[in-house]
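> I need the structure of the sequence given here:
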Amino acid sequence: MDLNPPSGENYANPRICFFHVLFKAGALAFYILSALFFDSFVIIFVVTVLLSALDFWVVKNVSGRILVGLRWWNEIDDNGESVWKFECLDQESLARMNKKDSWLFWWTLYLTAVVWIFFGIFSLIRFQADYLLVVGVCLTLSIANIVGFTKCRKDAKKQIQQFASQTIANRFSSTIQSAFTVV
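Just a heads-up that it's a prediction; the model follows:
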């Protein structure tokens, strides 16, 4: 992944980008600043986890689909097994995705998890098991989206490769077939 955002291109979906970042920043900011304003751990826990859950939902169901053309979910089949399901746009639509939107999506997804890990380490060092619980829930939601979208992106690449291979094989086959029908 490129560290610098693509230049010369504006965000195609600025509102979606805004909300993609808003709940992440909201959860992190509330977690950091809440100790200054609230004495109640329950309020800190509930509000931080609620903001993180809103972020999870927005990323999974809205910004992932619009900014990078990917969507994932998990189902339990009849045998009780967990089955990952993936959806992605077709190859042409994926090629037209805005690079700046995509860059923002992936970097904020990973950076948020890194920040929660940092807060987890800080809570461990300070022996704050209750705050470690808050961080654990928020980190779990963040990592769930990372795993889901990473698997979805790999599945999309595999589908594109299969489509390309199949297209080449079909063209080759039709070329061979037409060469023999001429003779």
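> buried residues in stretch 66-75?
Residues of stretch 66-75 classed as buried by neighbour count (16 or more other C-beta atoms under 10 Å): 66-72. Backbone N, C-alpha and C define where each C-beta goes, glycine included.
> among those, which are located in strands?
Mapping the buried residues of stretch 66-75 onto strands (DSSP state E) picks out 70-72.
> could you dump those to JSON lines with distance to residue 79?
Listed next are those as JSON lines, based on distance: C-beta to C-beta, whole Å:
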{"residue": "70", "distance to residue 79": "27"}
{"residue": "71", "distance to residue 79": "24"}
{"residue": "72", "distance to residue 79": "21"}
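> export these to CSV and tack on distance to residue 57 and pLDDT?
As requested, these are exported to CSV (distance: C-beta to C-beta, whole Å; pLDDT from 0 to 100):
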residue, distance to residue 57, pLDDT
70, 15, 84
71, 12, 82
72, 13, 81
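> which one of these is nearest residue 41?
residue 72 (32.9 Å; C-beta to C-beta).
> just checking, that closest one touches residue 88?
No - counting by C-beta atoms under 8 Å, residue 88 is not a contact partner of residue 72; they are 9.4 Å apart.
> give me the neighbour count for residue 132.
Using other C-beta atoms under 10 Å as the criterion, residue 132 is surrounded by 18 other residues.
> distance of residue 10 relative to residue 59?
According to C-beta to C-beta, to the nearest Å, residue 10 and residue 59 sit 21 Å apart.
> quick one: which of those two has more around it?
The neighbour count for residue 10 versus residue 59, taken as other C-beta under 10 Å, is higher for residue 59 (27 against 8).
> so is the more buried one in a helix, a strand, or just coil?
Three-state call for residue 59 (DSSP: H, G, I helix; E, B strand; the rest coil): helix.
> excluding sequence neighbours, find me the nearest residue to it.
Once flanking residues are discounted, residue 59 sits nearest to residue 145: 5.1 Å by C-beta to C-beta, 6 or more residues apart in numbering.
> what sits against the one you found?
56, 59-60, 64, 109 (C-beta atoms under 8 Å, 6 or more residues apart in numbering).
> one more pass at 10 Å, please.
55-60, 63-64, 72, 109, 112-113 (C-beta atoms under 10 Å, 6 or more residues apart in numbering).
> distance of it from residue 125?
Distance of residue 145 to residue 125, computed by C-beta to C-beta: 27 Å.
> quick one on the thing from earlier: closest one of the ones in strands among the buried residues of stretch 66-75 to residue 136?
If you rank these by distance to residue 136 using C-beta to C-beta, residue 72 comes first, at 22.0 Å.
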